[in-house]
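K.L.:
Quick one, fold the following:
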Amino acid sequence: MFIIGNLLHAIAVVLDIILTFYMWVVIIAALISWVNPDPYNPIVRFLYAATEPVLRPIRRKLPMTGIDFSPLIVIAIIYFIKYFVIASLNDLAMRMH
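P.N.:
Reported below is the predicted structural model:
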């Protein structure tokens with residue numbers, strides 16, 4: 001049973017790392033959008049390619065205002081997943097030890 005607990009713990013750790021990395025990608029993309037970046041820059045292209053599929057559906061559901069709140073909503077969802085799903089996986093893993 002401890003093997004399944006270790007597997008769940010490993011999944012939780014990897015998921016936490018991935019979500020933290022993606023949160024920083026969203027933050028950097030939001031900051032870059034303030035300065036009118038070069039759209040042909042490979043870093044800018046990566047940031048938009050990585051974030052737009054997630055941000056676009058949220059933007060469509062938000063009312064049109066002068067401020068784009070979609071990165072904040074994505075970050076809030078990431079924190080929810082980190083504190084609910086990952087914490088639950090860690091607790092479940094610890095109970096299996």
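K.L.:
what's residue 70 in contact with, if anything?
P.N.:
Applying Cβ atoms under 8 Å, 6 or more residues apart in numbering to residue 70 gives the contacts 55, 58-59, 62. C-betas here are computed from N, CA, C, even on glycine.
K.L.:
What is the least confident helix or strand in the protein?
P.N.:
One helix or strand of the chain scores below all others by mean pLDDT, DSSP states H and E: helix 87-95, with a mean of 92.
K.L.:
Quick check: which helices or strands does it pack against?
P.N.:
helix 2-33 (3 or more Cβ pairs under 8 Å, 6 or more residues apart in numbering; DSSP states H and E).
K.L.:
Just say helix, strand or coil for residue 63.
P.N.:
coil (DSSP: H, G, I helix; E, B strand; the rest coil).
K.L.:
and it, how many neighbours?
P.N.:
The criterion is other Cβ atoms under 10 Å. On that basis, residue 63 has 5 neighbouring residues.
K.L.:
any idea how far residue 70 is from it?
P.N.:
Residue 63 sits 12 Å away from residue 70, going by Cβ to Cβ, to the nearest Å.
K.L.:
quick one: residue 66 from residue 82, how far?
P.N.:
Residue 66 is 30 Å from residue 82, by Cβ to Cβ.
K.L.:
Just want to know which of the two has more residues nearby.
P.N.:
Comparing residue 66 with residue 82 by other Cβ under 10 Å, the one with more neighbours is residue 82, at 16 against 4.
K.L.:
check contacts around residue 30.
P.N.:
68, 71.
K.L.:
how much space is there between it and residue 94?
P.N.:
In this structure, residue 30 and residue 94 are 35 Å apart, going by Cβ to Cβ.
K.L.:
same question, residue 16
P.N.:
For residue 16, the distance to residue 94 - Cβ to Cβ - is 15 Å.
K.L.:
Comparing those two, which residue is more hemmed in?
P.N.:
For residue 16 versus residue 94, neighbours defined as other Cβ under 10 Å are more numerous around residue 16 (17 against 11).
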